[in-house]
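1. the sequence and its predicted three-dimensional model are supplied below.
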Amino acid sequence: MEFQIESIDPASHARAGKFRTGHGEVPTPVFMPVGTGGTVKAVHQRELKSDIDAPIILSNTYHLYLRPGTDVLKAAGGLHRFIGWDRPILTDSGGYQVFSMAENRKLKPEGAWFSSHIDGSRHLFSPENVVEIQRAIGSDLTMAFDECTPWPCDHQYAASSMNLTHDWLARGVEHFKKTEPLYGYEQFFLPIVQGSVFPDLRRQSAEFIASMEMPANAIGGLSVGEPEETMYEMIEVVNGILPANKPRYLMGVGTPVNILEAISRGVDLFDCVMPTRNGRNGMLFTRQGIMNIKNEKWKVDFSPLDTDGACFVDQHYSKAYLRHLIMTGERLGAQIASVHNLAFYLWLVREAREQILAGTFTQWKNAMIPQLKSRL
């Protein structure tokens, strides 16, 4: 996977680039809408292309393994054909989902035993079978199986967890190299840096991950409750070690401000459920700040959702109308809010890219962040 860096911001580590997969080129920095079970909630694939223009989406190995299952995906010819999406897909390995079920899983050297959240059935995720599942899914970018450490945790636990992740990674890389794609295009395997909030562990993990010489690298275990400044510190530590000539993916992050701060520290790829989850609950992200559409003040406001004249969905949808839909539980409300928020996130990273190419990213970022933090 060739990664071409087109420009680096002169006042930060932000970079604009692009990489190519079997399903097309991805410009960076980029945000990946989260389509956990093969669908971005409340958003049609047509909207993902036309209104949002997402170059790549994310799906999840754990959920797709349980439903519809790898047999169905193989019969369909892979996830792309199953969901009618012809652009790149990245799949999370399921490590975070297994981590989140602390009471229903057991970590062993061979992998993680867990109980399905659907029917309680027992399953094993190992470094090897997670590779096999992602081969069956057919995602362009596949992730190594890891343990995402909780926050807070002590140094001893974080070190033990990191070593387990490293052992699993070595096995996952070996198995990935022994297997072949199933659908006629290349897949890429990404390792994940762990180490919680401890700089020494993050350095050690980043060095180990870099030594794997994979085509791209990921940073996991952040945005799990730690202070934002600690997250930024860990990103700086890790990106000082990960090779600069390969894409860097910060998993599960985050707010618009988090994304701009991480871009300034050299991150290229992002994903987060926040745009769709918060949108379904009435929170909108705009250039002017964060809007709770449920507030009474929007009841008779018939202006577009984004008052800069760049509403990210049909101009016919006003604040008052969206508030009415959300307050009455109409499904169209969740759809409009989700499309708006995702389009805003994609606009944000595209604009960041343009500012990097122009050499003005840092000035633009510093002006944008106070606006993005404000509550309307």
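-> Cool, the structure landed.

2. residue farthest from the centroid of this structure?
-> For the chain, the largest distance from the centre (C-alpha atoms, centre = their mean) belongs to residue 300, which lies 35.6 Å off.

3. pull the number of nearby residues for the residue nearest to that one when sequence neighbours are not counted.
-> Leaving aside its chain neighbours, residue 300 sits nearest to residue 320 (5.7 Å; criterion: C-beta to C-beta, 6 or more residues apart in numbering). The way it works is simple: take the backbone N, C-alpha and C, and place the C-beta from them, glycine included. When neighbours are counted by other C-beta atoms under 10 Å, residue 320 registers 15.

4. let's verify residue 244: helix, strand, or coil?
-> coil (DSSP: H, G, I helix; E, B strand; the rest coil).

5. in the chain, which residue is most central in space?
-> Geometric middle of the chain (C-alpha atoms, centre = their mean) lands on residue 271, at 1.9 Å.

6. what's near enough to touch that one?
-> 31-34, 58, 90, 251-252 (C-beta atoms under 8 Å, 6 or more residues apart in numbering).

7. can I get those residues in a markdown table including distance to residue 13?
-> Putting those into a markdown table (distance: C-beta to C-beta, whole Å) gives the following:
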| residue | distance to residue 13 |
| --- | --- |
| 31 | 18 |
| 32 | 21 |
| 33 | 25 |
| 34 | 26 |
| 58 | 24 |
| 90 | 22 |
| 251 | 19 |
| 252 | 21 |
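
8. what's the closest of those residues to residue 231?
-> Comparing the contacts of residue 271 against residue 231 with C-beta to C-beta picks out residue 252 as the nearest, at 10.7 Å.

9. doesn't residue 96 make contact with that closest one?
-> Yes - look at residue 252 against residue 96 with C-beta atoms under 8 Å: they come within range, at 7.0 Å.

10. can you give me the helices in the stretch 251-376 of the chain?
-> Assigned by DSSP state H, counting those that start in this stretch, the stretch 251-376 of the chain shows helices spanning 256-264, 274-280, 319-327, 331-358, 361-373.

11. export those to JSON lines and tack on mean pLDDT and distance to residue 158?
-> Listed next are the helices of the stretch 251-376 of the chain as JSON lines, based on pLDDT from 0 to 100; distance: least, C-beta to C-beta, whole Å:
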{"stretch": "helix 256-264", "mean pLDDT": "98", "distance to residue 158": "21"}
{"stretch": "helix 274-280", "mean pLDDT": "97", "distance to residue 158": "25"}
{"stretch": "helix 319-327", "mean pLDDT": "97", "distance to residue 158": "40"}
{"stretch": "helix 331-358", "mean pLDDT": "96", "distance to residue 158": "30"}
{"stretch": "helix 361-373", "mean pLDDT": "97", "distance to residue 158": "30"}
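
12. quick one: closest of those to residue 136.
-> helix 274-280 (25.7 Å).

13. buried set for the closest one?
-> 274-276, 278-280 (16 or more other C-beta atoms under 10 Å).

14. again, but for stretch 83-93
-> 83, 85, 87-93.

15. got it, and stretch 58-72?
-> Those would be 58-66, 68, 70, for stretch 58-72 by 16+ other C-beta under 10 Å.

16. rewinding a little: ok, so of the contacts of residue 271, who is nearest residue 230?
-> Nearest to residue 230 among these, with distances taken as C-beta to C-beta, is residue 252, at 15.2 Å.

17. lowest confidence element among the helices and strands of this protein?
-> Using mean pLDDT, DSSP states H and E, helix 95-100 stands out as the lowest-scoring helix or strand of the chain, at a mean of 70.

18. ok, then the element right after that one?
-> strand 105-108 (DSSP states H and E).

19. show me what the mean pLDDT comes to for stretch 216-229.
-> In this model, stretch 216-229 has a mean pLDDT of 95.

20. got the CA positions of that stretch in PDB?
-> Extracted in PDB, the C-alpha atoms of stretch 216-229 (Å, rounded to 0.1, in the frame of the first residue of the first chain):
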ATOM      1  CA  ALA A 216       0.100   1.200   8.000                       C
ATOM      2  CA  ASN A 217      -0.100   1.500  11.800                       C
ATOM      3  CA  ALA A 218      -2.800   2.200  14.400                       C
ATOM      4  CA  ILE A 219      -2.900   3.700  17.900                       C
ATOM      5  CA  GLY A 220      -5.400   2.100  20.200                       C
ATOM      6  CA  GLY A 221      -6.400   2.300  23.800                       C
ATOM      7  CA  LEU A 222      -7.000   6.100  23.900                       C
ATOM      8  CA  SER A 223     -10.200   8.100  24.300                       C
ATOM      9  CA  VAL A 224     -11.300   5.600  26.900                       C
ATOM     10  CA  GLY A 225     -11.700   8.100  29.700                       C
ATOM     11  CA  GLU A 226      -8.300   9.600  30.100                       C
ATOM     12  CA  PRO A 227      -7.800  13.400  30.100                       C
ATOM     13  CA  GLU A 228      -7.500  14.900  26.600                       C
ATOM     14  CA  GLU A 229      -4.100  16.300  27.300                       C
END
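
21. buried ones in it?
-> Quick answer for stretch 216-229 (16+ other C-beta under 10 Å): 216-224, 226.

22. how far away from the center of its chain is stretch 213-223?
-> Centre-to-centre, stretch 213-223 and its host chain are 11 Å apart (C-alpha atoms, centre = their mean, to the nearest Å).
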